[in-house]
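>>> okay, predicted coordinates and the sequence, questions at the end:
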Amino acid sequence: GFVMLAGASAYLYGRKRTARDRMRFLVTRGLWLVVLELTVVHFGWDPEPRYSFLLLQVIWAIGWSMVLLAPLSWLPPRVLAGIGLVIVALHGLLDGVHVESSGLARFAWSVVHEQHAFSPREGLRVVVAYPLVPWVGVMAIGFAIGDLYTREAGERLRALTVLGLASITTFVVVRGLNGYGDPEPWAPEASPVFTLMSFLNCT
């Protein structure tokens with residue numbers, strides 16, 4: 001929800017500005033968020049000043065997603081929504097793709113799709129906790145539906161309710177099939193509560 005609303009906010013920001021101004025805003029704001037992740041957020045998690053541990057997580061992913069949204073934001077909203085939905089629905093097909101090298105290629109693939117930890121030098125550990133591919137799709141969807149937030153409240157509520165219920169239904173069906181959508185399958189547990197917890201325990 002947070003990432004989707006970041007996309008919707010970018011749409012609302014750009015409504016009364018030129019496409020070029022919107023693109024400049026997305027790139028600069030995105031890079032600024034990446035810098036904040038590597039400085040302020042980093043020291044919030046690990047105040048040790050030698051940068052022996054670096055965790056690349058949600059603010060990092062939002063920042064780079066904004067940068068990538070900048071050129072995508074020129075597309076018509078329906079096209080952008082379609083691209084976002086394809087990314088969100090199908091990025092799991094890449095789960096079986098692994099880069100076996102230990103160098104830059106594996107780090108690049110980790111940034112794109114696969115969570116991984118690296119030790120690029122002695123005394124430094126880097127963990128890519130939020131690969132970018134799904135989040136770019138979520139932000140693109142948010143940007144594409146940003147126009148809903150400019151409409152009359154009743155119309156907006158109806159549209160978001162339909163979208164929300166469709167999303168929840170799709171999740172329940174896909175998760176229920178237990179063959180796609182998350183690396184960890186759910187399993188029946190000793191009680192209904194724990195079975196539900198297993199069902200909802202998604203990456």
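Cool, got the structure. Please read these numbers as outputs of a predicted model, since none were measured by experiment.
>>> so which residues of this structure form strands?
53-56, 116-121, 124-128 (DSSP state E).
>>> mind checking how far Met139 is from Ala117?
With distances taken as C-beta to C-beta, to the nearest Å, Met139 is found 25 Å from Ala117. For every residue, glycine as well, the C-beta is placed using N, CA and C.
>>> the two - which one has more neighbours?
Neighbours were counted for Met139 and for Ala117 using other C-beta atoms under 10 Å; Met139 has more, 32 against 12.
>>> make sure the more buried one is actually in contact with Ser65.
Yes. Using C-beta atoms under 8 Å, Met139 is in contact with Ser65, at 4.4 Å.
>>> find residues that contact each of the two.
Common contacts of Met139 and Ser65, defined by C-beta atoms under 8 Å, 6 or more residues apart in numbering, comprise 3, 6-7.
>>> please save the CA atoms from the worst-scoring helix or strand of the chain on mean pLDDT in CSV.
Comparing helices and strands within the chain by mean pLDDT, DSSP states H and E singles out strand 116-121 as the least confident, with a mean of 84. Output of strand 116-121 as CSV, limited to C-alpha atoms (Å, rounded to 0.1, in the frame of the first residue of the first chain):
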residue,chain,number,x,y,z
HIS,A,116,20.7,-12.1,-1.3
ALA,A,117,23.6,-11.2,1.1
PHE,A,118,27.1,-10.3,-0.2
SER,A,119,30.5,-9.8,1.3
PRO,A,120,32.2,-7.6,-1.3
ARG,A,121,35.2,-7.1,1.0
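>>> pLDDT weak spots in the chain?
Along the chain, no part satisfies pLDDT under 70.
>>> mind checking the longest helix of it?
Looking across the chain with DSSP state H, the single longest helix is helix 153-177.
>>> dump the residue contacts of the closest residue to Pro134 other than its chain neighbours.
Counting by C-beta to C-beta, 6 or more residues apart in numbering, His91 is the residue found nearest to Pro134 once chain neighbours are left out, at 5.2 Å. Contacts for His91 (C-beta under 8 Å, 6+ apart) come out as 113, 133-134, 137.
>>> same deal with Ala159?
Per C-beta under 8 Å, 6+ apart, neighbours of Ala159: 148, 151.
>>> what about the spatially most central residue of the chain, distance to Phe171?
Using C-alpha atoms, centre = their mean, the residue of the chain that lies closest to the mean C-alpha position is Trp135, 1.8 Å off. The spacing between Trp135 and Phe171, counted by C-beta to C-beta, is 17 Å.
>>> name the nearest residue to Pro120, sequence neighbours excluded.
Setting aside the residues directly before and after it, Pro120 is nearest to Val126 in space (C-beta to C-beta, 6+ apart), at 6.3 Å.
>>> likewise for Leu160?
Leu148 (6.4 Å).
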